[in-house]
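Colleague: pasting the sequence and the predicted model now:
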Amino acid sequence: MTEQSTIRRIAVSTGGGDAPGLNAVIRAVVLGALKEGWEVFGVKNSYEGLLDLDGLMPLTRESVKGITHRGGTILGTTNKGNPFDYPVKQEDGTVVTEDRSDLVVSNFKKAGLDALVSIGGDGSLSIANKFFKKGIPVIGVPKTIDNDLMATDFTFGFDTAVSTATDAIDKLHPTAEAHQRVMCVELMGRYAGWIALYAGFAGTADVILLPEIPFDIEKVCEKVREREARGRMFTIVVVAEGAKPKGGEMATKGKEVGREVRLGGIAEQVADAIGARMNKETRSLVLGHLQRGGNPSTFDRALGLRFGGAAVRAVKAGEFGSMVALRGGDVLTVSLEEATKEMKAVPLDHDIVQTARSFGVSFGD
């Protein structure tokens, strides 16, 4: 445990893909820390800001005025700058990776920092846990629109992303009905289908395809035929970007050095497959980064502020190596090790899955 009196200067960083609510967390951390009499510094562009001491920016009450409702992050972010596997371009144009984590630790100490509040998803928080083991006092804050961190009931950003996706699905219904088309909309979520499940369910989609349930395209076509037999000549298909056919692979768009493989294209594949089998007019839509943008919802603003406040309390209590989490309505701390060891996938017996099935929604299985 670190004594309260030893805390003088803390840093806050945002890493990975952006999510609505990041600025709310930053504001809560800054205001809470200033109330304790601490100095606060923002780390620019995730951990990259600690590769150079110029990557730190002082944060004041004025710095965070009026940012709670804003999307994005005033600190910038990246999902390509893992210091333990940092991409470096060679003279011949090739890219190799090298471990620059010791430089981050050295700069952290040179800056006289006493703690780091790391806001991120599973990737950023796994890196934060490694830095904790290398001696940096870290408190994690869970951020991801995917909602795939096991240790917390919800992550901020998820609610806004689901609302954005649901609104898009609502707008597809009348045009799909007017043209008697099958509309396939691709949503984010990578290896966990939470956004597709919640948005597809709330948007009354007819088919929901998730990474957790490999689909049979013939089963999807059966649902289209069933609807047409009842005089419903259009169908809405919601597809998580990580969904895959039985015995098949996820649709990808290649891999960049220093980051995970890029997913995408599954909605187009599903739409083409339905069109070829049924001689039916189909269209596909990729919602993409619209799900990350926009002002955070009331839920995400409140959760972000709660998480930021809890992070300051955790720093004050010396609970380093932990992450703040929402469990059963309360915000508490769990170890970063626990928080990052397992992805939270959609359970096959989840009540929304069961309820959707009872309504006749197809999951392609």
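Modeller: Yep, it's here.
Colleague: tell me where the stretch 251-365 of the chain has strands.
Modeller: Applying DSSP state E, counting those that start in this stretch to the stretch 251-365 of the chain gives strands spanning 252-255, 261-263, 282-286, 322-327, 330-335.
Colleague: closest one to His350 among these?
Modeller: strand 322-327 (17.5 Å; CB to CB). Yep, even glycine has a C-beta here, placed from its N, CA and C like the rest.
Colleague: neighbouring strands for that closest one, and are they parallel or not?
Modeller: Looking at strand 322-327 with DSSP bridges, its partner strands are strand 138-142 (parallel), strand 330-335 (antiparallel).
Colleague: need the contact list for the nearest residue to Arg327 once chain neighbours are set aside.
Modeller: Leaving aside its sequence neighbours, Arg327 sits nearest to Asp153 (CB to CB, 6 or more residues apart in numbering; 5.7 Å). By CB atoms under 8 Å, 6 or more residues apart in numbering, Asp153 lies in contact with Ala325, Leu326, Arg327, Gly328.
Colleague: pull out the buried members of the residues you listed.
Modeller: With burial judged by 16 or more other CB atoms under 10 Å, the buried subset of the contacts of Asp153 is Ala325, Leu326.
Colleague: pLDDT and distance to Phe84 for the contacts of Asp153 - can I get that in CSV?
Modeller: Conversion of the contacts of Asp153 to CSV gives the following (pLDDT from 0 to 100; distance: CB to CB, whole Å):
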residue, pLDDT, distance to Phe84
Ala325, 98, 24
Leu326, 98, 28
Arg327, 96, 29
Gly328, 94, 34
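Colleague: need the contacts of Asp153 in JSON lines (columns: distance to Val315).
Modeller: Formatted as JSON lines, the contacts of Asp153 follow (distance: CB to CB, whole Å):
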{"residue": "Ala325", "distance to Val315": "16"}
{"residue": "Leu326", "distance to Val315": "18"}
{"residue": "Arg327", "distance to Val315": "20"}
{"residue": "Gly328", "distance to Val315": "24"}
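Colleague: now, which of the contacts of Asp153 sits nearest Leu31?
Modeller: For those, the nearest to Leu31 is Leu326 (20.2 Å; CB to CB).
Colleague: and stretch 210-228, how far out from the chain middle?
Modeller: Centroid displacement of stretch 210-228 relative to its chain, using CA atoms, centre = their mean, to the nearest Å, is 27 Å.
Colleague: average pLDDT for it, rounded please.
Modeller: Regarding stretch 210-228, the rounded mean pLDDT is 97.
Colleague: that one: which residues count as buried?
Modeller: Quick answer for stretch 210-228 (16+ other CB under 10 Å): Leu210, Pro211, Glu212, Ile213, Pro214, Phe215, Ile217, Val220, Cys221, Lys223, Val224, Arg227.
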